[in-house]
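J.: give the three-dimensional model of this entry:
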Amino acid sequence: MVEIIEIPVELTHFQLPEAVQERLQFLLDRQDTGEVLPLAERREAEGLVELVEFLSLLHLRAQRVTQQ
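T.: Residues are numbered from 1 along each chain as shown. Got it, this is the predicted structure:
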């Protein structure tokens, strides 16, 4: 059985605030230079990446639904 989950349209337009995006980029840039992030910052970066991936998936699914 397929479940249908209704997602408010407003949520599909949500984006990370600029300051949060900048923080994520800062942490990723530090990692890219070979710096080992402390555990707290590594967890922060991982959580933000998961959030960005979730939002991207949400946007893609919303586009797919509106095109059908």
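J.: what segments of the protein are strands?
T.: With DSSP state E as the criterion, the chain has no strands.
J.: which stretches in it count as helices?
T.: Secondary structure of the chain (DSSP state H): helices at 9-12, 18-32, 39-67.
J.: what lies in contact with the shortest one?
T.: Yep, that's helix 9-12 we're talking about. Helix 9-12 has contacts (C-beta atoms under 8 Å, 6 or more residues apart in numbering) with 58-59, 62. For every residue, glycine as well, the C-beta is placed using N, CA and C.
J.: next, the buried residues of it.
T.: Neighbour counts using 16 or more other C-beta atoms under 10 Å place Thr12 of helix 9-12 among the buried residues.
J.: of the helices of the chain, which is nearest Met1?
T.: For the helices of the chain, the distance to Met1 is smallest for helix 39-67, at 19.2 Å, taking C-beta to C-beta.
J.: give me the mean pLDDT for the closest one.
T.: The predicted model assigns helix 39-67 a mean pLDDT of 89.
J.: ok, now which ones touch the residue nearest the centre of the chain?
T.: Geometric centre of the chain, nearest residue: Val52, 0.8 Å, by C-alpha atoms, centre = their mean. Listed by C-beta under 8 Å, 6+ apart, the contact partners of Val52 are 16, 24.
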